[in-house]
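Participant: need the 3D shape of this:
(one chain, ligands or ions: 2)
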Amino acid sequence: LSPDYYANICPEALPTIKKVVEAAVYKERRMGASLLRLHFHDCFVNGCDASNLLDPTPTIDSEKTAVANNNSARGFEVIDQIKAAVDEVCGGPVVSCADILAVAARDSVVALGGPSWEVLLGRRDSTTANRTLANLDIPSPFMDLPALINNFKNQGLNEKDLVALSGGHTIGFAQCRTFRQRIYNASNIDPVFAEERQATCPRTGGDTNLSPLDPTPALFDTAYFNNLVKQRGLLISDQALFNGSSTDYLVKIYTLYPEAFWYDFARSIIKMGNIKPLTGNQGQIRLNCRMVNY
Ligand code: HEM
Ligand SMILES: [Ca+2]
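Facilitator: Ligands and ions are numbered 1, 2, ... in the order given. As a prediction, this is how the structure comes out:
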């Protein structure tokens, strides 16, 4: 992978992606969060190959219905828009859907006030998807720290990557069903915060009601980490990062030095973007991100 992969083939590709992302985020701030999450959910399942964009067919074991994605992953229409715009400006399908996901994630973070980084490019798109693997490899919000560390380790990512990338939860929302257990049963939670969240997440029903993942869900800032220190993490997996164990110090560092979070997030997301890319003549450049070329 290289940062100037499209410099000669299609110099307008990256500016075009940026424009569409900016318009989508302007229309709905949450879309920035949703696009960042799509890149993560792609890379954790068989590498960054846009496997998570494939719609179900008799031969495609779509990841869209895996537990973590079902009625949750969003932003597919924006990816379609980007793909159409980029193919138009490039005069054909030269930019892969996997690269579009990586660039859209960066442009989303920037649009919400976060750090920028140079995206490495040249990934190609898969011809398959794997729902079973998505269920195994995308981490669950109910995991404790050892499980999270192990999950990231399986992707070649370390504890620092885990904490830095979890900082992605500085933007966006979660559904009641993902944090109900915590706000009713946990002991490592600020009781005032628990009660606040309970107001929109009842014990029964309201499964899809949304809560912000941190107090400023449309701003890429360090409020997520400030919250963890106050036992105001929304998900069990969020609070696990600051719960009297080995990652506490990293959380503390990010609250004290926002630039350190900026720097580490950028470094770790580049590392995540390098997970098992298809290159050379592997895979294909899809014509439609939702379908394998026939
Ligand atoms: C560490 C393990 C992680 C777990 C267990 C986890 C779990 C979750 C869950 C349960 C949600 C809410 C989904 C819903 O209710 O529909 C969510 C949302 C989100 N996650 Fe994660 N996540 C993790 C890591 C990451 C990483 C590494 C990133 C990106 C760098 C990320 C980015 C996001 C974003 C931006 C949202 C909000 C999406 C939206 O509002 O549409 N997460 N995550
Ligand atoms: Ca993938």
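
Participant: helices of the stretch 1-150 of the chain, residue ranges please.
Facilitator: 13-27, 30-43, 76-90, 97-111, 131-137, 145-153 (DSSP state H, counting those that start in this stretch).

Participant: right, so of the ones you listed, which gets closest to residue 255?
Facilitator: helix 145-153 (18.1 Å; C-beta to C-beta). Just so you know, the C-beta spots here come from the backbone N, C-alpha and C atoms, and that holds for glycine as well.

Participant: what's the following helix or strand after the closest one?
Facilitator: Downstream of helix 145-153, the first helix or strand assigned by DSSP states H and E is helix 159-166.

Participant: what's in contact with that following helix?
Facilitator: 40, 148-149, 152, 157, 224, 237-238, 241, 246-247, 250-251, 254, 261, 264-265, 267-269, 271-272 (C-beta atoms under 8 Å, 6 or more residues apart in numbering).

Participant: restrict those residues to contacts with ligand 2.
Facilitator: Subset of those in contact with ligand 2: empty, counting by C-beta under 5 Å from the ion.

Participant: list only buried entries from these.
Facilitator: 40, 148-149, 152, 157, 224, 237-238, 241, 247, 250-251, 254, 261, 264-265, 268-269, 271-272 (16 or more other C-beta atoms under 10 Å).

Participant: which ones, among the residues you listed, also lie beside ligand 1?
Facilitator: 40, 148, 237 (C-beta under 6 Å from any ligand atom).

Participant: which ones are touching the residue in the stretch 1-150 of the chain that ligand 2 sits nearest to?
Facilitator: Taking C-beta to the ion, ligand 2 has its nearest neighbour within the stretch 1-150 of the chain at residue 51, 3.5 Å off. Residues in contact with residue 51 (C-beta under 8 Å, 6+ apart) are 42, 45, 63, 126, 128, 129, 130.

Participant: go again with 10 Å.
Facilitator: 41-43, 45, 60-63, 97-98, 125-131, 133-134, 278, 283 (C-beta atoms under 10 Å, 6 or more residues apart in numbering).

Participant: put the buried members of the residues you listed into a ChimeraX selection.
Facilitator: The ChimeraX selection below is limited to those of the contacts of residue 51 classed as buried (16+ other C-beta under 10 Å):
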select :41,42,43,45,60,61,62,63,97,98,125,126,127,129,130,131,133,134,278,283
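
Participant: near ligand 2 too, which of the contacts of residue 51?
Facilitator: Answer for these near ligand 2 (C-beta under 5 Å from the ion): 42, 45.

Participant: please go through the contacts of residue 51 and note which also touch ligand 1.
Facilitator: Checking those against ligand 1 (C-beta under 6 Å from any ligand atom), there are no matches.

Participant: give the contact list for the nearest residue to residue 184 once chain neighbours are set aside.
Facilitator: Closest residue to residue 184 apart from its sequence neighbours, by C-beta to C-beta, 6 or more residues apart in numbering: residue 203 at 6.3 Å. For residue 203, the contacting residues are 180, 183, 184, by C-beta under 10 Å, 6+ apart.
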